[in-house]
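**Student:** build me a structure from this.
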Amino acid sequence: MRKSIRKSIILAMVALLTLTFSIPVCAAETANNAPATTANTTSGSVLLDDKAELLKGNEPQQILEELEVDSSKSDCNIAVATTNQGLNATDIVTYSNNYYSNVVQGKTQTSFCILLTVDIQSRNVDVRTYNPGSKRNLNTDASKQLREDITSDLSKGNYAKAFSKFGKEASDMAVSINEDGTPNKAAFPWGKRILISLVIGIILSVLICVIIRSQLKSVAMKSNAADYVREGSLNITSQSDRFLYSHVSKTAKPKNNSSSSGGGYGGGSSGSGSTGSF
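**Tutor:** Model prediction:
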């Protein structure tokens, strides 16, 4: 009788524990598979406007949070807007300009904005930078790099991954530009990196030399090569140096008349960007 009661109690406890641990798992699965709501699509957000509904489930909220963090770190509005209007290469630029003017500009503390616009119908994508009255802008090459870096993910339909990558790279580029448009040296610690690389290279070279040297114990240094010549096999009777001919060719060094901005991502004007397809 007692054994039966104990067995019933144990089974009841096991059932209770199983039910207790299964409730959070079910809740989590329900949250992750929940359909995108109006709030999650953030159609009224400054940083994310997914009118084409490319993001599913909890992806809109996740991307919006990432864009907010990236924007905060770089003091720049990093925004993503999607549409399905079938905009051509010219119209998508107009769409981007209108989005900045009507949605972003004047709505935040900073006017600096890096905007990604994607038209899923025409498969055109535009990356554009805005900062009226300031030299802190991305140049055309930087905008092109941002666009090309996410083209592969957009082509594969990995929209959340593409938008996440865009936010992080745009934030890094924005941080690297000072207010006067010059490269931020603090964001490019090349000297420190080069020094570390040299130290690592020297250490590896020394280790390799030590290992090779330890394998050559039978080798000893000698002052001449007598041991490599068979006795009586070489008899030099005379020695002379004879100069045959000489030819000297001279080429003028080309002059570089082009100016350079010193590298970096800065130097673009307000409204500059890059447009392409995926």
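**Student:** just checking, next helix/strand downstream of the lowest-mean-pLDDT helix or strand in the chain?
**Tutor:** Least confident helix or strand of the chain, by mean pLDDT, DSSP states H and E, is helix 38-41 with a mean of 30. Heading C-terminal from helix 38-41, the first helix or strand you meet, by DSSP states H and E, is strand 48-50.
**Student:** for that following strand, which helices and strands make contact with it?
**Tutor:** In terms of contacts (3 or more C-beta pairs under 8 Å, 6 or more residues apart in numbering; DSSP states H and E), strand 48-50 is packed against helix 59-74, strand 77-83. To be clear about C-beta, it is placed using only N, CA and C from the backbone, and glycine gets the same treatment.
**Student:** can I get the CA coordinates of the last one in CSV?
**Tutor:** Looking back up the chat, that one is strand 77-83. Taking C-alpha atoms only, strand 77-83 is exported to CSV below (Å, rounded to 0.1, in the frame of the first residue of the first chain):
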residue,chain,number,x,y,z
ASN,A,77,20.1,58.1,-38.1
ILE,A,78,20.7,54.8,-39.8
ALA,A,79,17.4,54.1,-41.4
VAL,A,80,15.8,51.4,-43.7
ALA,A,81,12.8,51.9,-45.9
THR,A,82,11.2,49.3,-48.2
THR,A,83,8.5,49.6,-50.8
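**Student:** one step back: looking at the helices and strands packed on strand 48-50, which is buried most?
**Tutor:** Among those, strand 77-83 has the highest mean neighbour count (mean count of other C-beta atoms under 10 Å), at a mean of 25.
**Student:** what average pLDDT does that strand get?
**Tutor:** Averaged over strand 77-83, pLDDT sits at 93.
**Student:** likewise for stretch 101-110?
**Tutor:** So the average pLDDT for stretch 101-110 ends up being 82.
**Student:** give the buried residues for that stretch.
**Tutor:** Buried residues in stretch 101-110, counted by 16 or more other C-beta atoms under 10 Å: Val103, Val104.
**Student:** dump the helices and strands packed on strand 48-50 into CSV; add distance to Thr251 as well.
**Tutor:** Output for the helices and strands packed on strand 48-50, formatted as CSV (distance: least, C-beta to C-beta, whole Å):
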stretch, distance to Thr251
helix 59-74, 47
strand 77-83, 49
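**Student:** out of the ones you listed, the one nearest Val175 is which?
**Tutor:** Among these, helix 59-74 comes nearest to Val175, with 4.8 Å by C-beta to C-beta.
**Student:** mind jotting down where the strands sit in this protein?
**Tutor:** With strands called from DSSP state E, the chain shows them at 48-50, 77-83, 113-119, 124-130, 273-277.
**Student:** least confident of these, on average?
**Tutor:** Minimum mean pLDDT among the strands of the chain: strand 273-277, a mean of 75.
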